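*Asks:* A structural model of the following input is requested.
(3 chains)
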Amino acid sequence: MEFTHQKEFTRLLLAWHRKENRREMPWKGIRDPYRIWLAEIILQQTRVEQGREYYERFVEAYPTLADLAAAREEEVFRLWQGLGYYNRCRNLLHTARELMKSHGGRFPRNYKELLSLKGIGPYTAAAIASFAFDLPHAVVDGNVLRVLSRYFALNMPIDTQAGKKYYTRLANELIPPEEPAIFNQAIMDLGATICKPQAPLCRQCPLASLCKAFQLGKQEQFPVKLTRRTVRERYFHYLVCWFGDHTIIQKREGKDIWRGLYEFPMIEKERLAGTELLQEDTAWKNLMPDGSWQLKGIVERQQQLTHQLISARFFYVETDREPRVLSPQILVHCKQLHQYAFPGIIVKYLRSGQQPLLL
DNA sequence: AAGACGGGGTG
DNA sequence: CACCCAGTCTT
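*Replies:* Presented below is the predicted three-dimensional model:
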């Protein structure tokens, strides 16, 4: 690959990093592979500011890999609650245990083996390899794709297999083998603070004079993308059943959203439904087989996910008779609710005070 | 190659 | 509201 001002890219980037980059983060500059890995998993598709607190809490709760590996899954999920992409959490714990069991409690010191671990893809493997072990692997995240596509005004779409390969190869040509960690850190910081997705600060950019997109006045035209996405609408009906100060919850299983989190017994319909319709549902009948239940209120909420719009109705019902709880449902005291991780829409419902028992 | 997977910030 | 974030896994 040959592009104009290729050498200058790295030189200007590193000069900026040393003189002007003031971005501070708790994990910046550390060499402990465990903490680097932890930070990188937390930061996958997550803004630094959003992930920062979670990182602090995880390091506090689990200072070492062994501590994390020994933790209970419920507890780890509770700590992860609210961060999203919960498979990251499942894989985090899985890999921690895998490393303790089969790798002597240490991270492998090469890219390929890192890549084979669950939850570690090309980005994270390169991040650990470079930051912890000074290996010359370029990270390629959203920042890097944006910075490179703009600086060289590249029309190769970033959201294809070919594009990914193309930008990875380019980044690996630009990275100086003697200081890969510095380069990786610098290019991501530049992308996050100056070469931002919208309204980039080209006036402050140390690379602007050589940036092809800037010269063309087309900064916002890059990076090029191919795919568009559609939003699916879904309608959830939660049965919030109270027996005194106990209620029924269950863990979400299967391949759907929020796997591993807890929720109230739920009925999904094609559209928002009322009690007349829901009473016909098996889930409702199993839970409330007789007339001992009293409907106290209905609350409606929405949650916008990236690819789905969830509309939810919470049916708040009470009973005097001890309910029949069949596995996997469990009966929990209201004061135990905080031990479980719930989707945001349920957390907000519980905190809203529109039903009497709070988290 | 295309979808699925969260929650929150930004313009 | 659309877009995007220190991406990865499944189908």
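
*Asks:* Looking at the stretch 251-359 of chain A, what residue ends up closest to DNA strand B?
*Replies:* For the stretch 251-359 of chain A and DNA strand B, the shortest gap (Cβ to the nearest atom of the strand) falls at residue A:257, measuring 3.0 Å. Using the backbone N, CA and C atoms, a C-beta is placed for each residue, glycine as well.

*Asks:* ok but residue A:91 is inside a strand, no?
*Replies:* No. Applying DSSP: H, G, I helix; E, B strand; the rest coil, one finds residue A:91 to be helix, outside a strand.

*Asks:* before we move on, back to that, just checking, the residue of the stretch 251-359 of chain A closest to DNA strand B touches residue A:308?
*Replies:* Yes. Counting by Cβ atoms under 8 Å, residue A:257 touches residue A:308, with 6.8 Å between them.

*Asks:* so what sits against both of the two?
*Replies:* Residues touching both residue A:257 and residue A:308 by Cβ atoms under 8 Å, 6 or more residues apart in numbering: none at all.

*Asks:* which stretch of helix or strand covers the residue of the stretch 251-359 of chain A closest to DNA strand B?
*Replies:* Of the helices and strands defined by DSSP states H and E, none includes residue A:257.

*Asks:* near DNA strand B at all, stretch A:299-306?
*Replies:* Yes. Stretch A:299-306 comes into contact with DNA strand B (Cβ under 7 Å from any atom of the strand), by way of A:303, A:305, A:306.

*Asks:* Just the buried positions in that stretch, please.
*Replies:* A:301, A:303, A:305 (16 or more other Cβ atoms under 10 Å).

*Asks:* Strands - which of those land there?
*Replies:* A:301, A:303 (DSSP state E).

*Asks:* which one of the buried residues of stretch A:299-306 is nearest DNA strand C?
*Replies:* Lowest distance from DNA strand C to the buried residues of stretch A:299-306 (Cβ to the nearest atom of the strand) belongs to residue A:305, with 8.8 Å.

*Asks:* Pretty sure the closest one sits against residue A:257.
*Replies:* Yes. Contact criterion Cβ under 8 Å: residue A:305 and residue A:257 qualify, at 6.9 Å.

*Asks:* that older thread, of the residues of stretch A:299-306 next to DNA strand B, which ones also sit close to DNA strand C?
*Replies:* Answer for the residues of stretch A:299-306 next to DNA strand B near DNA strand C (Cβ under 7 Å from any atom of the strand): residue A:306.

*Asks:* Please report how far the residue nearest to residue A:268 when sequence neighbours are not counted lies from residue A:258.
*Replies:* Spatially, and ignoring its direct neighbours in sequence, residue A:268 is nearest to residue A:236 (5.7 Å; Cβ to Cβ, 6 or more residues apart in numbering). For residue A:236, the distance to residue A:258 equals 10 Å [Cβ to Cβ, to the nearest Å].

*Asks:* cool, residue A:331 as well?
*Replies:* Distance, residue A:331 to residue A:258, using Cβ to Cβ: 21 Å.

*Asks:* So which of these two has more stuff around it?
*Replies:* Using other Cβ atoms under 10 Å, the more surrounded residue of residue A:331 and residue A:258 is residue A:258, with 20 against 15.

*Asks:* Does the strand or helix carrying residue A:125 reach DNA strand B?
*Replies:* Secondary structure assigned from DSSP H and E places residue A:125 in helix A:122-133. No. Counting by Cβ under 7 Å from any atom of the strand, no contacts exist between helix A:122-133 and DNA strand B, the nearest distance being 12.7 Å.

*Asks:* what's the distance between the very next helix or strand once past that helix and the middle of its chain?
*Replies:* Where DSSP H and E defines the elements, the next helix or strand beyond helix A:122-133 is helix A:142-151. Chain-centre distance of helix A:142-151: 21 Å, with Cα atoms, centre = their mean, to the nearest Å.

*Asks:* Quick one: list the elements packing against helix A:142-151.
*Replies:* helix A:161-174, helix A:180-193, helix A:212-216 (3 or more Cβ pairs under 8 Å, 6 or more residues apart in numbering; DSSP states H and E).

*Asks:* now the shortest one: mean pLDDT?
*Replies:* Going back to what we said before, that points to helix A:212-216. Mean pLDDT, computed over helix A:212-216, is 92.

*Asks:* hang on, the earlier thing: please, which helix or strand holds the residue nearest to residue A:268?
*Replies:* Per DSSP H and E: residue A:236 is located in strand A:232-243.

*Asks:* helix or strand right after that strand?
*Replies:* strand A:246-251.

*Asks:* partners of that following strand in the sheet?
*Replies:* strand A:232-243 (antiparallel), strand A:262-263 (antiparallel), strand A:330-333 (antiparallel) (DSSP bridges).

*Asks:* Near residue A:269, how many other residues are there?
*Replies:* 14.

*Asks:* Now do the contacts for it.
*Replies:* When the contact criterion is Cβ under 8 Å, 6+ apart, the partners of residue A:269 are A:235, A:237, A:277, A:278.

*Asks:* same thing with residue A:218?
*Replies:* By Cβ under 8 Å, 6+ apart, the contact set of residue A:218 is residue A:153.
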